[in-house]
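sequence first, predicted coordinates after that:
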Amino acid sequence: MTSFENLGLSQELLRALADLGFEKPSAIQEQAIPQLIDNYRDFIGLAQTGTGKTAAFGLPLLEKIDPEDKSTQALILAPTRELGQQIAEQLSLFSKYMPRVNVLSVYGGANISTQIKDLRKPQQVIIATPGRLLDLIQRKAIKLHEIKMLVLDEADEMLNMGFKEDLDQILSHTPDEKITWLFSATMPKEIKKIVNTYMYQPIEVK
Ligand code: AMP
């Protein structure tokens, strides 16, 4: 039986998982985590909500954050405020024993001044909905030029909700050298177009 110990995670993350009562990795976690930790490559995960996909990308992402570097190193885009908050909650729990790693979520429908104030502090991981993120970029409240990892979560939902143009604009503010991890429940041709435009030889896991 595969355990989280076999997947290459640090003691800090293993302790947090034990506290959460996570005993055994789910199928997507078992396949994705070692690949994402070992490789510095683009990745596609075909997975629905409820499969444990947040930990599948969240744990390797936290593993790759440099706590000494205070710049924003990872950006996670999610289609809705609810999903963004869920991701942020899970990442905060996973990073419980990583006191120098800060996680912030920004989304529409909440006070933007508070978010701008929070963004003045170092936030190595930012989770955002596309519309609000673009607003914050245009107000110069957020800097994405140093991100090393980009996660597109529920990418098919983001396109269904009409975020394609926002996505294109957001991506134009990120460096070319970053790695992109895309998660989607389905692979319609619009997603394939995103993959072909923005990703390089991705590893694919179903
Ligand atoms: P997700 O698919 O990422 O939205 O996760 C669905 C739910 O399953 C969340 O509440 C997670 O906290 C939980 N979960 C994810 N992975 C595991 C695991 N390996 N063991 C137990 N619970 C898990």
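Received, thanks. Numbers count the residues shown, from 1 in each chain.

any idea what the one residue sitting closest to the centre of the chain is bridged to?
Most central residue of the chain, judged by C-alpha distance to the mean C-alpha position with Cα atoms, centre = their mean, is residue 76 at 3.4 Å. With DSSP bridges applied, the residues forming beta bridges to residue 76 are residue 127, residue 151.

list the residues that contact it.
With Cβ atoms under 8 Å, 6 or more residues apart in numbering as the criterion, the residues that contact residue 76 are 57, 61, 84, 87, 125-128, 150-151, 153. From N, CA and C alone the C-beta is placed, and that goes for glycine too.

again, 6 Å this time
Residues in contact with residue 76, defined by Cβ atoms under 6 Å, 6 or more residues apart in numbering, are 87, 127, 151.

after the top helix by length along the chain comes which helix or strand?
For the chain, the helix reaching the highest residue count under DSSP state H is reported as helix 81-94. Using DSSP states H and E, the helix or strand that follows helix 81-94 towards the C-terminus is strand 103-106.

what lines up beside that next one in the sheet?
According to DSSP bridges, strand 103-106 forms sheet pairs with strand 125-128 (parallel).

which helices and strands does the helix or strand that the partner strand is followed by pack with?
Using DSSP H and E, the next helix or strand after strand 125-128 towards the C-terminus is helix 130-138. Using 3 or more Cβ pairs under 6 Å, 6 or more residues apart in numbering; DSSP states H and E, the elements in contact with helix 130-138 are helix 164-171.

so which elements touch the helix it packs on?
Helices and strands in packing contact with helix 164-171 are listed as helix 130-138; criterion 3+ Cβ pairs under 6 Å, 6+ apart.
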